[in-house]
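1. Quick one, structure for this:
(2 chains)
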There are 2 protein chains.
Amino acid sequence: MIKTIVIGGPASNKIDEKLAELLKAEHIKIEHKLFPDDESYIRYPVPKLTGTVLLVQSLYPPQDKHFVELLLMIDTAKDLGAEKVIAIVPYLAYSRQDKKFLEGEAISVKTLLKAIESAGADCIITVDLHSEKIVEYSRIPLINTSAVSALIDYVKHEILHGATENVLVLSPDKGGLKRARRAAEILGADFDYIEKFRDRVTGEVRALPRELPVEDRVVIIIDDIISTGGTIALAARSALDRGAKEVYAACTHALLVRGAYEKVRKAGVKKIVATNTIPSPVSEVDVTPGIKEALNKALKFIV
Amino acid sequence: MIKTIVIGGPASNKIDEKLAELLKAEHIKIEHKLFPDDESYIRYPVPKLTGTVLLVQSLYPPQDKHFVELLLMIDTAKDLGAEKVIAIVPYLAYSRQDKKFLEGEAISVKTLLKAIESAGADCIITVDLHSEKIVEYSRIPLINTSAVSALIDYVKHEILHGATENVLVLSPDKGGLKRARRAAEILGADFDYIEKFRDRVTGEVRALPRELPVEDRVVIIIDDIISTGGTIALAARSALDRGAKEVYAACTHALLVRGAYEKVRKAGVKKIVATNTIPSPVSEVDVTPGIKEALNKALKFIV
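-> Modelled structure (predicted):
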C-alpha cells in the first residue's frame, strides 16, 4: 500500500476519520468557514502536499455549497503539490438527473463529474450511484461501491435478529429490482417490485408488489435514496392494509426532506435504516469498509 | 454582427431581456425549478441550439447554487449544439479570494473559472472584477467591463444634479484608488483613499482620507462591492464628525448582507447607489450597455 493522507472536507460526516483509522493513514481536517455573504472558505492546515491524497467530501444538502467546496479542495490539493487526488464522494448529488427525461434538459450529474475532473481529480469513489450508467459519463475512473450488503447485514442482525423466514424484499420501482434481488439473496428471501395502481372500488391509489402477496410477510423496502418518502409511505400503508406483518425501510442515502421521516413512520414503517453517506437520525450503517476496498481498486487505476 | 441568441438563467436579474433588446437578438429564458431536496433543474425550452449563444447568469447569493446552474447551462448549451458559448456573469462570486492570503488557502475564483471553462464556455464577460489579476487565471478570454462611468454618471445627474464643486471621491482602501481616480476624473473632483487609525485622545477607531480634508465637502465613497458595509459606515461617520457636508456611497455589486443597508444609512450615508449585477433596493444603474460593448470584443476573440 502506498503512503496516503486522508483529508476531511466540511461535509465528510466523519467518514474521513474512520477511513484514516482503517488505513492507519495520516489524517487532516480542512479549515473551513463561511464569509458574511455565505461564500465558503477552504484552507489546508499544511503548506504542501505530496503523493496521493484522499479527499472525503459528500454532497448532501446544501449540495451546491458542498460541491463548490469539493472543487476548491481538489484544485488546492493539486496546487499544494499532491501528485494524485482521489475524490471520495459518498453521496453524489444530482445523480437522479442522469439522462434527458425531456428534450432540452441538463444531464446534471455529467456536468458535475466534468467539473470534478477538471478541478484535478484523478479518480472518484462513490457509494450506490442512482444508476450504473453514470459511470460512463466520467472520463476518470469512477468506482461505485455498493452498501447493500452492509445495509442488509444490519437489517438481518439488528432488526430481524436472524429471523429471516417469511421476508419479502421490495424495490419501489422496476429500476431498483437488481438491488432488491441482491438484498433478497443475502436474506434468502423473495423479492419483487412495487407498482402503483388505482383501486377500482375505492378509487384510492395503492402501491403493491407486482406479483407476490404481502399477507403475513415481513416486508423490507429497499431503495438507493429516500427523499420525500412519498412512494415508501404509500407502499407501506398498502402492504399493511393487505395484511403484511411488519414493514421496514432500508436505503443508502437518507435525504429525508420535507418531513419524510415522520411521514414514513406515520405510514406504519417500523424502522428506517440508512448509511452514513448523509447524516440523519437513521444513518447507522458505516460505508467506510466498502470505501476502503474500493481504494485498492482506485490505487491500481491511478498509479 | 453575427446572429446570436440571448439566454437568461435563473439569476440573470433581467439583464438578459435588456441585452436582447439592445442587440435586437432572439431571447429565451431557461426553464428552472428546484427539486424537493433543493437540487436545481435546468431545461432549455428548445430542442437544439446553433451558432453563438449568450448565457446570462450572475453569481449573487446563493452563489454556489447559481454557479452550479451556470455550469449546467453551459454544458447543456454545448450538448444542444451551440458552437460557441459566451458566459455573461455580471457578478463573479468568490472574486475576493483571488490570492493566497495565508499558506494553504484556496484561490477560489481560479477554481470557479476553471470549472466554467471546462463546462464549455469559450469566453466570459463580467463587470468590475475585484482585481485585474483575476483575468490571468482564466485560460479563455475573460473580458472585464467597468461600470464606474455609468455609476458616476448616475451620481452626477441623479444625486448631485450637476453640482460637482467641492466633491471628494474616496476609496475605502488603497487597492481601490484607481477606481476612485477614474470616478474623480469624470466629476472633475479630488480623490483619496481611506485609512483606519485609532484616535489617540478618545481611543475610537476612525476612517478618514489619508491626505485630504473632508470639511464642507460632499464625499462620495466608491467601491466594487458593499458586503457588510462596515468600512463604509465607519468612514461615513468619521467624515461627518469632521464636518463633511454630505456622504454618498456608490458601488458596482450591492451584496448588502447582515443588515448592511440599514447600517450604512444609520451612519449618515444619504444615498447608496449600485448596479443591477446583483438585485437590491439600490441597484439602479444598468450594466447592460457596457456588456454590449464587451460583446463586440468577445465576438472578435472567439470567431
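
2. Quick one: mean pLDDT for the helix or strand that contains A:C251?
-> Secondary structure assignment for A:C251, by DSSP states H and E: strand A:246-254. Across strand A:246-254, pLDDT averages out at 98.

3. what number of residues lie near the residue nearest to A:G104 when sequence neighbours are not counted?
-> Sequence neighbours aside, B:Y44 is the residue nearest to A:G104 in space, at 3.8 Å (criterion: Cβ to Cβ, 6 or more residues apart in numbering or on different chains). Yep, even glycine has a C-beta here, placed from its N, CA and C like the rest. Using other Cβ atoms under 10 Å in any protein chain shown, B:Y44 has 23 neighbouring residues.

4. where does B:Y44 land on pLDDT?
-> 98.

5. Note down every partner strand of the strand holding A:C251 and its orientation.
-> Note on strand A:246-254: by DSSP bridges, its sheet partners are strand A:218-226 (parallel), strand A:269-275 (parallel).

6. picking up where we left off before, now that the residue nearest to A:G104 has come up, it's in contact with B:E31, right?
-> Yes - between B:Y44 and B:E31 there is a contact at 7.4 Å, judged by Cβ atoms under 8 Å.

7. Residue numbers of the stretch 51-200 of chain A in contact with chain B?
-> Counting by Cβ under 8 Å from any Cβ of the partner chain, the stretch 51-200 of chain A comes close to chain B at A:61-65, A:67-68, A:71-73, A:75-76, A:79-80, A:93-94, A:96-97, A:102-108, A:110-112, A:114-115, A:117-119.

8. Restricted to helices, list these.
-> Among those, the subset assigned to helices under DSSP state H consists of A:63-65, A:67-68, A:71-73, A:75-76, A:79, A:108, A:110-112, A:114-115, A:117-119.

9. buried subset of those residues?
-> Neighbour-count burial (16 or more other Cβ atoms under 10 Å in any protein chain shown) applied to these gives A:63-65, A:67-68, A:71-73, A:75-76, A:79, A:108, A:110-112, A:114-115, A:117-119.

10. before we move on, the earlier item: next secondary structure element downstream of the strand holding A:C251?
-> Taking DSSP H and E, what comes next after strand A:246-254 is helix A:260-266.

11. buried residues in that following helix?
-> A:260-261, A:263-265.

12. Equivalent analysis for stretch A:148-160, please.
-> A:148, A:150-152, A:154-156, A:159-160.

13. ok, now which ones touch A:Y60?
-> A:11, A:13, A:66, A:91, A:93, A:253, A:255, A:277-279 (Cβ atoms under 8 Å, 6 or more residues apart in numbering or on different chains).

14. which other helices and strands contact the worst-scoring helix or strand of chain A on mean pLDDT?
-> One helix or strand of chain A scores below all others by mean pLDDT, DSSP states H and E: strand A:205-209, with a mean of 90. Contacts defined by 3 or more Cβ pairs under 8 Å, 6 or more residues apart in numbering or on different chains; DSSP states H and E place strand A:205-209 against strand A:190-198, helix A:230-241.

15. how about the residue in chain A sticking out farthest from the centre, secondary structure?
-> Going by Cα atoms, centre = their mean, the residue of chain A most distant from its centre is A:V201, 38.8 Å out. At A:V201, secondary structure determined by DSSP: H, G, I helix; E, B strand; the rest coil is coil.

16. Now do the contacts for the residue of the stretch 101-250 of chain A found nearest chain B.
-> Nearest residue of the stretch 101-250 of chain A to chain B: A:S118, at 3.3 Å (Cβ to the nearest Cβ). Contacts for A:S118 (Cβ under 8 Å, 6+ apart) come out as B:114-115, B:117-118.

17. Report the beta-bridge partners for A:R198.
-> Here A:R198, judged by DSSP bridges, has bridge partners A:V205.

18. Now for it: which residues touch it?
-> A:204-206.

19. Now do the residue nearest the centre of chain A against chain B, distance only.
-> Centre of chain A computed as the mean C-alpha position; nearest residue by Cα atoms, centre = their mean is A:H253, 3.8 Å away. Remark: distance between A:H253 and chain B (Cβ to the nearest Cβ, to the nearest Å) = 10 Å.

20. For that residue, which non-adjacent residue is spatially closest?
-> A:I225 (4.5 Å).

21. What pLDDT is listed against A:I2?
-> 60.

22. just the one 5 residues further on next, same as before
-> According to the predicted model, the pLDDT of A:I7 comes to 98.

23. Please report the distance of it from A:V85.
-> In this view, A:I7 and A:V85 are 9 Å apart by Cβ to Cβ, to the nearest Å.

24. Now do the shared contacts for these two.
-> A:53, A:55, A:77.

25. Run a quick neighbour tally on the closest residue to A:S171 other than its chain neighbours.
-> Ranked by Cβ to Cβ, 6+ apart and with sequence neighbours excluded, the top spatial neighbour of A:S171 is A:A180, at 3.8 Å. Residues within reach of A:A180, counting by other Cβ under 10 Å, total 26.

26. returning to what we had before: return the angle between stretch directions for the strand holding A:C251 and helix A:230-241.
-> 170 degrees (axes from the mean of the first three to the mean of the last three Cα atoms, to 10 degrees).

27. Could you check strand A:246-254 and say which residues are buried?
-> A:246-254.

28. got a markdown table for those, with distance to A:E284 too?
-> Below are these laid out as a markdown table (distance: Cβ to Cβ, whole Å):
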| residue | distance to A:E284 |
| --- | --- |
| A:E246 | 18 |
| A:V247 | 18 |
| A:Y248 | 13 |
| A:A249 | 13 |
| A:A250 | 10 |
| A:C251 | 12 |
| A:T252 | 12 |
| A:H253 | 14 |
| A:A254 | 10 |
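
29. Grab the two from these that are most spread out in space.
-> Within these, two members stand farthest from each other by Cβ to Cβ: A:E246 and A:H253, at 23.3 Å.

30. The spatially closest residue to A:H66 that is not a sequence neighbour and A:D75, how far apart?
-> Counting by Cβ to Cβ, 6+ apart, A:H66 lies nearest to A:A11, which is 4.2 Å off, once chain neighbours are set aside. Counting by Cβ to Cβ, the gap from A:A11 to A:D75 is 17 Å.

31. cool, and A:E262?
-> 40 Å.

32. And A:F67, by the same measure?
-> Applying Cβ to Cβ to A:F67 and A:D75 gives a distance of 13 Å.

33. Kindly report the same for A:A184.
-> According to Cβ to Cβ, A:A184 stands 43 Å off from A:D75.

34. what residue ranges in chain A are flagged as low confidence?
-> Judged by pLDDT under 70, chain A has its weakly predicted residues at A:1-2, A:303.

35. hmm, 90 instead?
-> For chain A, residues meeting the criterion pLDDT under 90 lie at A:1-4, A:197-206, A:300-303.

36. Go through the shared contacts of A:I7 and A:V85 and name the one nearest chain B.
-> Of all these, A:A77 has the smallest distance to chain B: 9.6 Å, by Cβ to the nearest Cβ.

37. care to break chain A down by domain?
-> A:4-146+A:287-302, A:148-285 (automatic domain parsing).

38. what separates the longest one from the chain centre, distance-wise?
-> The chain centre lies 13 Å from the centre of domain A:4-146+A:287-302; the measure is Cα atoms, centre = their mean, to the nearest Å.

39. Could you do the last one as well?
-> How far domain A:148-285 lies from its chain's middle: 16 Å, per Cα atoms, centre = their mean.

40. Which among the contacts of A:Y60 count as buried?
-> By neighbour count, with 16+ other Cβ under 10 Å, these hold A:11, A:13, A:66, A:91, A:93, A:253, A:255, A:277-278 as buried.
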